[in-house]
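S.K.: Based on what follows, work out the 3D shape:
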Amino acid sequence: MASPSDNRGWELQPKDAKLALAEDKWDDCMSCRVTGSAAFIGAGIYSYHSGMTNLRKQEKSIMQSTSQYKMGSRRLGVSAIAGTLIAMGVYRAFN
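M.R.: Residues are numbered from 1 along each chain as shown. Sure, this is the predicted structure:
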């Protein structure tokens, strides 16, 4: 047994650190991937549906407002957010 003054066990050489990092490949279980990707895809579908529904309900007041952001740019914003969430879900499923 090593004495308390013997610290050789805690010494890491650069090649040992690189080897430890190479061996530390983290991978999660299939159910974690399915759950995570389903959550992202579901959030994307929900945000698209609810965003477009709210835009249709508010279209008249949006068009009458003095804001420079009319329906086209708002639809693009909703679509971009939803598309990003869906893409994150697909990425999560395969990577």
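
S.K.: burial measure for M52, as a count.
M.R.: Look at M52: counted by other Cβ atoms under 10 Å, it has 15 neighbours. All C-beta spots, glycine's among them, are computed from the backbone N, C-alpha and C.

S.K.: got the residue ranges for the helices in this protein?
M.R.: Using DSSP state H, the helices assigned to the chain run over residues 14-23, 30-57, 59-64, 71-94.

S.K.: Using a markdown table, lay out these together with mean pLDDT.
M.R.: Listed next are these as a markdown table, based on pLDDT from 0 to 100:
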| stretch | mean pLDDT |
| --- | --- |
| helix 14-23 | 72 |
| helix 30-57 | 95 |
| helix 59-64 | 88 |
| helix 71-94 | 95 |
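
S.K.: What residues of stretch 73-84 count as buried?
M.R.: Using 16 or more other Cβ atoms under 10 Å as the test for burial, stretch 73-84 gives R74, V78, A82.

S.K.: Run a quick neighbour tally on the nearest residue in space to the last one that is not next to it in sequence.
M.R.: It stands for A82. In this structure, A82 finds its nearest non-sequential neighbour in Y48, 3.5 Å apart by Cβ to Cβ, 6 or more residues apart in numbering. Using other Cβ under 10 Å, Y48 is surrounded by 17 other residues.

S.K.: For C29, see how far away Y48 is.
M.R.: Note on Y48: its distance to C29, by Cβ to Cβ, to the nearest Å, is 29 Å.

S.K.: And I41, by the same measure?
M.R.: Look at I41 and C29: by Cβ to Cβ, they are 19 Å apart.
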